[in-house]
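when you get a sec, could you give me coordinates for this:
(2 chains)
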Protein chains: 2
Amino acid sequence: MEKLKFKLVIAYDGTAYQGWQVQKIGTGVQEKIETVLARYFPSSPQLHSSSRTDTGVHALGMVAHFEVPRAEVKIPVARLAIALNAFLPDDIRVLEATRTAADFHARFDAGGKQYRYFIWNHHAMNPLLIGRAWHVPRKLDPAKMRAAAKLFVGKHDFKSFAANHPYEMESTVRTLFRCDVKKSGKMFTITIEGDGFLYKMCRGIAGTLVQLGYGRFTMAEVKAMFAKTNRCAAGMSAPAHGLVLWKVFYRRSQKSKSKGRHKTSPRSRRLDTGS
Amino acid sequence: MEKLKFKLVIAYDGTAYQGWQVQKIGTGVQEKIETVLARYFPSSPQLHSSSRTDTGVHALGMVAHFEVPRAEVKIPVARLAIALNAFLPDDIRVLEATRTAADFHARFDAGGKQYRYFIWNHHAMNPLLIGRAWHVPRKLDPAKMRAAAKLFVGKHDFKSFAANHPYEMESTVRTLFRCDVKKSGKMFTITIEGDGFLYKMCRGIAGTLVQLGYGRFTMAEVKAMFAKTNRCAAGMSAPAHGLVLWKVFYRRSQKSKSKGRHKTSPRSRRLDTGS
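Residues are numbered from 1 along each chain as shown, chains lettered A, B, ... in the order given. Purely as a prediction, here's the structure:
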């Protein structure tokens, strides 16, 4: 039976959800979308995502794929996003839906991801950013934060910055391509881009940079945190509501990629738990 | 009895309020703040604002002043914003509270105001911007919108773009210093700055520019709207939730201004109803 594969780009406000995937209690974004997929596709396809986001974390560029028998596809792909959105809650939106290659995999083919962490730095919170940015009333030093952010770029063992995760992780080494801090008025944006992320790693980095920004840590202390490979050595975990999964990168175009995808390195097959 | 005057810069999410000032039914932002002022100042001072915003319109830079007898001032001014925020709802924040000159008036001294109108232009809404931007699914042409925005700059009779208002208005001529359209990804921002605004004028301009952006009007048609001085001649009124009162400008520093403030032109004493 011939199957067709579709790729979705998904945005959601994480406030009301227990993250992307839910094991036991609560509602996950994934199941909300799978419920709507089942309305259109009787085989009730499963969604495979690039990453999982934690409770309360937002996404503007989550990527997921699903596969259905050709016979079930009654809607033109150009109308699929709109059809799915018609039954999804307002806080979950399919931004794009496209046909994709039979061997595309949203997680295994992801070459990198970009997260953005938003901080509002003023004694009073911006009422238009409640639930969208972390309110930090203590004065932050953007120059110090920018300098410290550079320490995170490159290949490092990020164990000190990530929460322990119920899954066994074979390695806590990851490579960040980018970690920078931008300030625009009272808003700080930390952009973190890498080949993979440990559980709560972005929030550990953001929390540490903020604490350095108000003088809790020095640059030398942050530098020393890496070697300790111990969560207690680093700064706090920044709250979930400031974090957005911004974009997922796919290195090769799906058509041009070689047949040898299943020979991908153990790295890219690792179960990344993100954020 | 000596009185002290204070100036507040106020931000609010307008979603839950019937605008700044309420005449009859509903809750206004002004009364919420006046209730908290009465906790600290037994004379229950009245707030005088630079402008009124309409139901559902947001503000990040509303300015207002109030005056109280010196004997009632027990809180240092540096703590006043935090003291007021302690009792205000989360969707209203005092961003700054400062002492101001005895003859300062938030409305009469305002030399100009800046509004920003936000539009999300994609078939699916950004779930993080619900209630913060107008969702326009039809494709907008930013180049056309930018060109048309220039038509609004300068001194014009804006009657065609403003709703009729219960108050008698002596003139519908206003001067805009700036009207431009910026596009960043799927977000369009219209920035409108002027010496004064008629009732729903910003929303009339934004609605007209959006309708031109998707081809409902030509540039020539928008140009012709001014002369008709008739609300029906122009485009739709854009929804309130996309509009933010961004900033209020005060030309002269309060200390250096001349004693002749009460000789201000009729223009600056006009009751501007904004947005």
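
switch to C-alpha atoms for all contacts and neighbour counts from now on
OK.

can you confirm residue A:33 is in a strand?
No. With DSSP: H, G, I helix; E, B strand; the rest coil as the criterion, residue A:33 is located in helix rather than a strand.

give me the pLDDT for the residue in the stretch 101-250 of chain A that chain B sits nearest to.
The minimum distance from the stretch 101-250 of chain A to chain B, using C-alpha to the nearest C-alpha, falls at residue A:127 (4.9 Å). Residue A:127 is assigned a predicted lDDT (pLDDT) of 98.

that one is in contact with residue B:14, isn't it?
No. Taking contact to mean C-alpha atoms under 8 Å, the distance of 9.4 Å between residue A:127 and residue B:14 leaves them out of contact.

which one of these two has more residues nearby?
Using other C-alpha atoms under 10 Å in any protein chain shown as the criterion, residue A:127 and residue B:14 rank with residue B:14 on top: 28 against 20.

list the contacts for that one?
Residue B:14 is in contact with B:55-59, B:91, B:241, counting by C-alpha atoms under 8 Å, 6 or more residues apart in numbering or on different chains.

from these, pick the one nearest residue B:135.
Within these, the smallest distance to residue B:135 is 10.1 Å, found for residue B:241 (C-alpha to C-alpha).

and chain A, which residues reach chain B?
Taking C-alpha under 8 Å from any C-alpha of the partner chain as the criterion, the neighbours of chain B within chain A are A:11-13, A:60, A:82, A:85, A:90-95, A:123-128, A:132.

hmm, try it at 10 Å
Contact residues of chain A with respect to chain B, defined by C-alpha under 10 Å from any C-alpha of the partner chain, are listed as A:10-15, A:58-60, A:81-82, A:85, A:89-96, A:122-132, A:244.

the nearest residue to the residue of the stretch 101-250 of chain A closest to chain B once chain neighbours are set aside: what's it in contact with?
Spatial nearest neighbour of residue A:127, excluding adjacent residues (C-alpha to C-alpha, 6 or more residues apart in numbering or on different chains): residue B:91 at 4.9 Å. If you count contacts by C-alpha atoms under 10 Å, 6 or more residues apart in numbering or on different chains, residue B:91 has them with A:125-130, B:11-17, B:29, B:58.

so what pLDDT did residue B:91 get?
Here, the pLDDT recorded for residue B:91 equals 98.

just residue A:266 next, same as before
The predicted structure scores residue A:266 at 40 on the pLDDT scale.

next, the residue nearest in space to the middle of chain A: secondary structure please.
When chain A is reduced to its mean C-alpha position, the nearest residue by C-alpha atoms, centre = their mean turns out to be residue A:245, at 3.6 Å. Of the three states, residue A:245 takes strand according to three-state DSSP.

how near is it to residue A:95?
As for residue A:245, its distance to residue A:95 is 14 Å (criterion: C-alpha to C-alpha, to the nearest Å).

same thing with residue A:85?
Remark: distance between residue A:85 and residue A:95 (C-alpha to C-alpha) = 9 Å.

who touches both of those two?
With C-alpha under 10 Å, 6+ apart as the test, residue A:85 and residue A:95 both reach B:123-125.

is residue A:68 in contact with residue A:99, as I believe?
No. With contact defined as C-alpha atoms under 10 Å, residue A:68 and residue A:99 do not form a contacting pair (11.2 Å).

which residues do those two both contact?
With C-alpha under 10 Å, 6+ apart as the test, residue A:68 and residue A:99 both reach A:4-6.

got the CA coordinates for stretch A:46-66 in CSV?
Once side chains and other backbone atoms are set aside, the C-alpha atoms of stretch A:46-66 remain, and they are given as CSV (Å, rounded to 0.1, in the frame of the first residue of the first chain):
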residue,chain,number,x,y,z
GLN,A,46,1.1,9.3,14.5
LEU,A,47,3.0,12.5,14.5
HIS,A,48,6.8,12.3,14.7
SER,A,49,8.4,15.6,15.8
SER,A,50,11.8,17.1,15.6
SER,A,51,11.9,17.7,19.3
ARG,A,52,9.8,17.7,22.5
THR,A,53,9.2,20.8,24.3
ASP,A,54,8.7,20.9,28.1
THR,A,55,5.6,22.0,29.9
GLY,A,56,4.8,25.7,29.2
VAL,A,57,7.5,26.1,26.5
HIS,A,58,6.2,27.8,23.3
ALA,A,59,7.0,27.0,19.6
LEU,A,60,6.8,29.0,16.4
GLY,A,61,8.7,26.5,14.3
MET,A,62,8.2,23.0,15.5
VAL,A,63,8.4,20.4,12.7
ALA,A,64,6.7,17.1,12.6
HIS,A,65,5.8,14.5,10.0
PHE,A,66,3.2,11.9,9.5
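
much appreciated, bye for now.
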